[in-house]
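here is my input, please return the structure:
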Amino acid sequence: MKISALVFSKDDTEQALELIKGIHDFVDEVVVLDASGRQDKKRLVDEKQKLGLTRLEIVDTLALGFREPLMMYALTKCNNDWVLLFNSDERPSDSLRMNADKLVEKAKCGAFAVGIFSVHSKTSRTFVSWQVRLFDRTKTEFRGMLHEEPFVKGRIEKLDAGRYFIDHFTTGMKHTANNEYVKLEMFERYTYRQYNDKVLDQFSKIALPENRSIAKTRKGKVLSCMLNAYERIMLKKQDKEVSNLDYFCFRLARDVAHQIRRRRIRGVFEAFPTNVRYVRTMRAWRCAATGKEDFEIAKEISKIGVIRFLGLDKPSVVEALYRKYKGKSQGIDLLISLLRENTSKTKA
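Numbers count the residues shown, from 1 in each chain. This is a model prediction of the structure:
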């Protein structure tokens, strides 16, 4: 069974090349979706020829701040059904590299969940979550949401995290990336119905069940009952936006859980003031001139996803945007602009 490795890269050619060289001989093709500037693009092409990377295919594309909005487009560029997904600052374990073909050959599932570890330094490595990274693209759908888990038709099998894992090297992570993500949080707003699904989704990344439907497990049902009971007691309406206090509690619990997994006690205490600042920012977004419009966008993309909302599942749309914005400012700011433009067109 053939496998396509899919890599996303933007102005980080050094890291991308290190990853490509490490996986090139273990997969049938390496597809790089590259949103780099001219100099980095040229170097990637030059190194492909110099190193004889015959299995490497480079697809030039635009940058929308993070990879997920371009996932369905990227999958159309893969020639094989099974896909192994990476960011350029990630590295697979030796067992995953050498045995991926054997795993898919015997697969009786639609996807494999891989343990993701965050490497902070030479002596600090922490489990982050289970993520679908090796999957049959014909059975997998991405919605384009930041850090999402895709919908998979069929069973998801967890791999042994002691052997099959991916390390994410945060030591080289650009602070600008985190700053960009913050901008998109103005659209991470939910009704209580969507909020409950979000809580369950976060829980599933820690305790991923084989069938992926966390709501059907005993723990998931207990958590759902607790959320619904709280909302009934507090007279929360399912179609109304979540309160600032509930946004704060959700993010605080998520961040504290992450810091506990890192065994970083200082980070646990830092999570409180960090999320106080977040709530203040959220309050400002809600009161802004575009606050109501942004919430309507948030509700819609939470329902159908960024990809369907902007038509990014159509290669012609993505390629037209690439031509239109080539050489112009891109990233999260462009994505936000496209979301608002699409809403304006729909109203018109």
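
ok, residue 125 - contacts?
117-119, 167 (CB atoms under 8 Å, 6 or more residues apart in numbering). C-betas here are computed from N, CA, C, even on glycine.

thinking residue 133 is in contact with residue 115, fair?
No - under the criterion of CB atoms under 8 Å, residue 133 is not in contact with residue 115, lying 9.5 Å apart.

from the centroid of the protein, which residue is nearest?
residue 147 (2.6 Å; CA atoms, centre = their mean).

contact partners for that one?
Going by CB under 8 Å, 6+ apart, the list of residues near residue 147 reads 66, 68.

give me phi/psi at it?
phi 60, psi 30 (degrees, to the nearest 10).

how much space between it and residue 33?
Noted for residue 147: a distance of 17 Å to residue 33, by CB to CB, to the nearest Å.

how about residue 259?
Applying CB to CB to residue 259 and residue 33 gives a distance of 32 Å.

stretch 79-98: which residues count as buried?
Using 16 or more other CB atoms under 10 Å as the burial criterion, the residues of stretch 79-98 that qualify are 80-93, 96-97.

who's more crowded, residue 259 and residue 33?
Using other CB atoms under 10 Å, the more surrounded residue of residue 259 and residue 33 is residue 33, with 23 against 18.

the more buried one: what secondary structure?
Put simply, residue 33 is strand when judged by DSSP: H, G, I helix; E, B strand; the rest coil.

is it true that it touches residue 59?
Yes - with contact defined as CB under 8 Å, residue 33 and residue 59 form a contacting pair (5.1 Å).

list the residues that contact both of these two?
With CB under 8 Å, 6+ apart as the test, residue 33 and residue 59 both reach 74, 77.

residue 135 - nearest residue in space that isn't next to it in sequence?
In this structure, residue 135 finds its nearest non-sequential neighbour in residue 111, 3.6 Å apart by CB to CB, 6 or more residues apart in numbering.

do residue 95 as well
residue 163 (4.2 Å).

how many residues are close by that neighbour?
Should you count by other CB under 10 Å, residue 163 turns out to have 12 residues around it.

use 629 as the first number for this chain going forward.
Taking 629 as the first residue, the last one we looked at is residue 791.

for residue 959, see how far away the residue nearest to the centre of the chain is.
17 Å.

got a list of what the residue nearest to residue 763 touches?
760, 762-764, 767-768, 778, 780, 782, 784-785.

tell me the bridge partners for it.
residue 763, residue 784 (DSSP bridges).
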